[in-house]
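A.B. asks: Sequence and predicted structure, then a few things I'm wondering about:
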Amino acid sequence: PATAAVIPAAGRGVRLGPGTPKALRSLSGTPMLIHAVRAMAASRAVSLVVVVAPADGVDEVKSLLDDHLASAGGTELLVVPGGDTRQESVRAGIEALPPGVGTVLVHDAARPLVPVDTVDAVVEALRAGAPAVVPALPLADTVKEVEPGAPGAAEPVVATPVRSRLRAVQTPQGFDRAVLQRAHAAVALSGEGATDDAGMVEQLGHPVVVVPGHEEAFKVTRPLDLVLAEAVLARRRV
Ligand code: C5P
């Protein structure tokens, strides 16, 4: 069965500062979303990329793809409108998948520089039989759980998880299609949110495995991340 990539790109990117939706901002002259689509299309396993655009930006995204991706190496491209939350946007992408797709990668447009080896490692683990796979890295910082208080106020520490057992999760996250669809249906019913798709699969009781992520798969969230992303691209060019 075929592998498709769903790219949620409908976020406003508020933490990055005012301006166009985050996925459409440019990194060394090319919109972040285009980098992300290329990263997925670079994997030989991926035969379809579904881009989930801001609801009022579907036509803009379609013409961006036409302008920048005259050829996506034979990879088929689809654009669908997204929702108010990442979860709704991913769901819109899943609903657009054609029948022949058996495995799905969900990849944030905000992680434009993920290397193809990381994408392929996720696909390999799916092929080896895992129903859900996430790339992740050990943490540099120690993490504290706190009792959240008012912004800026001192917050009491509740717990300090053992750092060596923690992993920071990236994308693309890979799934058996039926498992991902069930997870999205179940979480929509329960009304609870989830910060990633694998978390929803865990809630259903399915096993999720971690494969090594990559430093360059970081999420562009804050202004400093743009500086880092430009530096990574400059280093790739030499
Ligand atoms: O906001 P955050 O960085 O967690 O967003 C992760 C990804 O989810 C981004 O690629 C963003 O465009 C996407 N997203 C979306 N629809 C939303 C919110 C976020 O597709 N409503």
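C.D. replies: Yes, it's here.
A.B. asks: got the buried residues for the worst-scoring helix or strand of the chain on mean pLDDT?
C.D. replies: Using mean pLDDT, DSSP states H and E, the weakest-scoring helix or strand in the chain turns out to be helix 177-190, at a mean of 88. By neighbour count with 16 or more other CB atoms under 10 Å, helix 177-190 contains the buried residues Arg177, Val179, Leu180, Gln181, Arg182, Ala183, His184, Val187. (C-beta placed from N, C-alpha, C; glycine too.)
A.B. asks: Just the mean pLDDT for stretch 69-78, thanks.
C.D. replies: Stretch 69-78 comes out with an average pLDDT of 81.
A.B. asks: can you map out the strands along the protein?
C.D. replies: 2-8, 26-27, 30-31, 46-53, 76-81, 101-106, 132-138, 145-146, 157-159, 167-169, 173-176, 209-212 (DSSP state E).
A.B. asks: What pairs with the third one, parallel or antiparallel?
C.D. replies: On the basis of DSSP bridges, the sheet neighbours of strand 30-31 come out as strand 26-27 (antiparallel).
A.B. asks: ditto for the fourth one
C.D. replies: Taking DSSP bridges as the criterion, strand 46-53 sits next to strand 2-8 (parallel), strand 76-81 (parallel) in its sheet.
A.B. asks: So what touches the last one?
C.D. replies: Yep, that's strand 76-81 we're talking about. 10, 37, 47-55, 58, 61-62, 65, 69, 92-93, 95-96 (CB atoms under 8 Å, 6 or more residues apart in numbering).
A.B. asks: Bridging across strands, which residues link to Leu77?
C.D. replies: Val49.
A.B. asks: please renumber so the chain begins at 517
C.D. replies: Fine by me, first position is 517 from now on; the one you just mentioned is Leu593.
A.B. asks: how close does it sit to the ligand?
C.D. replies: 16 Å (CB to the nearest ligand atom, to the nearest Å).
A.B. asks: Kindly report the same for Leu742.
C.D. replies: 13 Å.
A.B. asks: Likewise for Thr676?
C.D. replies: Counting by CB to the nearest ligand atom - Thr676 and the ligand are separated by 25 Å.
A.B. asks: so that residue sits right up against Asp657, yeah?
C.D. replies: No. The criterion here is CB atoms under 8 Å, and Thr676 misses it with Asp657 at 11.5 Å.
A.B. asks: Tell me the residues of the chain that contact the ligand?
C.D. replies: Taking CB under 6 Å from any ligand atom as the measure of proximity, the chain contacts the ligand at 524-527, 538-539, 568, 598-602, 605, 624-626, 735, 737.
A.B. asks: just the angle between the least confident helix or strand of the chain and strand 648-654, please?
C.D. replies: Between helix 693-706 and strand 648-654, the angle comes out at 80 degrees (axes from the mean of the first three to the mean of the last three CA atoms, to 10 degrees).
A.B. asks: And helix 693-706, how far out from the chain middle?
C.D. replies: 17 Å (CA atoms, centre = their mean, to the nearest Å).
A.B. asks: As a check, name the ranges of all helices in this protein.
C.D. replies: In chain order, the chain shows helices spanning 548-557, 574-584, 602-611, 632-643, 693-706, 713-719, 739-753, with DSSP state H as the criterion.
A.B. asks: winner for burial among those helices?
C.D. replies: Comparing the helices of the chain on average neighbours per residue, with mean count of other CB atoms under 10 Å, the densest one is helix 548-557 at a mean of 25.
A.B. asks: pLDDT weak spots in this structure?
C.D. replies: Applying pLDDT under 70 to the chain flags residues 587-588, 705-709.
A.B. asks: sorry, back to before: out of the residues of the chain next to the ligand, which end up buried?
C.D. replies: 524-527, 538-539, 568, 598-599, 602, 605, 624-626.
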